[in-house]
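**Q** Just the structure for this:
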Amino acid sequence: MSESDVEALEVTMPHRHRPPLGPWGWGTPEMPVPSDPDDEPAPAGSRLALRAVESDASPGTLFLWLCHLRRAPYSYDLLDNLGRRRPRQADPRMMQLARGQAVRTIFELTGFAPGRSRSLRIAPGLSMLLFGALALRYDVLPLPGSRSLLQASLWWSRPPGPFGTLRRYLLAWGDVLMMRRQLLTLRALAERDEEHRARS
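**A** Sure thing, here's the model as predicted:
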């Protein structure tokens with residue numbers, strides 16, 4: 001890696017911190033703490049949860065697979081994809097992003113930076129009543145050695161009704177299980193594609 005590459009990484013890679021404990025942090029030992037989910041403030045009274053994985057894939061390949069969340073959740077197909085098998089071949093058309101696009105049925109795309117990040121908000125309706133107001137941002141950040149960090153940041157408000165704080169805490173544990181599988185799956189698909197290209 002050249003000296004100019006190192007300097008570029010220092011500019012684009014935010015300072016990393018230890019993640020929160022419990023269901024509010026999972027993944028790498030250290031990860032960036034984002035300032036906000038998109039162009040709008042985080043939901044009132046929200047709590048930040050962080051999940052992240054490091055990958056040997058390049059940021060471009062990893063972002064391509066991140067865009068495939070428009071097609072499927074990429075976690076447990078039986079639980080959150082109605083038993084349908086997730087697509088396993090990359091489709092570059094998925095990178096044609098536009099604000100307002102539906103993502104995973106209950107989210108809509110509220111902002112994006114091409115090749116870098118996608119911001120989502122839970123759509124009004126039953127989902128918001130069940131889960132509370134939720135903002136979510138995925139970031140793909142470069143690491144030394146042509147590696148990448150894939151991070152999900154969730155701003156989670158207290159769900160309405162009695163025991164809202166307890167519900168949020170239990171939902172956050174469930175999210176750890178689902179998003180852990182999602183991030184690991186996206187990483188595996190991106191690394192598989194780059195291995196195939198290297199051998200071809």
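**Q** Check which residues of the host helix or strand of residue 198 are buried.
**A** Assigned by DSSP states H and E, residue 198 belongs to helix 164-199. Going by neighbour count (16 or more other C-beta atoms under 10 Å), the buried part of helix 164-199 is 167-169, 171-172, 175-176, 178-179, 181-191, 193-194. In short, each C-beta sits where N, CA and C put it, glycine included.
**Q** from the middle of its chain, how far away would that helix be?
**A** 8 Å (C-alpha atoms, centre = their mean, to the nearest Å).
**Q** go on, stretch 192-200?
**A** Using C-alpha atoms, centre = their mean, the offset of stretch 192-200 from its chain centre is 24 Å.
**Q** now the strands: where do they sit in the protein?
**A** 16-17, 25-26, 31-32, 47-55, 102-103, 107-113, 117-122, 134-143, 147-156 (DSSP state E).
**Q** how about TSV for these, with mean neighbour count added?
**A** Shown next, in TSV, are the strands of the chain (neighbours: other C-beta atoms under 10 Å):
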stretch	mean neighbour count
strand 16-17	14
strand 25-26	20
strand 31-32	21
strand 47-55	21
strand 102-103	16
strand 107-113	18
strand 117-122	23
strand 134-143	22
strand 147-156	23
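**Q** Can you lay out those strands as TSV showing mean pLDDT and distance to residue 40?
**A** Output for those, formatted as TSV (pLDDT from 0 to 100; distance: least, C-beta to C-beta, whole Å):
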stretch	mean pLDDT	distance to residue 40
strand 16-17	65	24
strand 25-26	91	24
strand 31-32	80	20
strand 47-55	94	15
strand 102-103	88	17
strand 107-113	93	7
strand 117-122	93	8
strand 134-143	93	8
strand 147-156	94	10
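**Q** low pLDDT regions in the chain?
**A** Low-confidence segments of the chain (pLDDT under 70): 1-17, 19, 77-83.
**Q** run the last query once more with 50
**A** 1-13 (pLDDT under 50).
**Q** about what we covered before: just list what the helix holding residue 198 packs against, helices and strands only.
**A** strand 25-26, strand 47-55, helix 59-66, strand 147-156 (3 or more C-beta pairs under 8 Å, 6 or more residues apart in numbering; DSSP states H and E).
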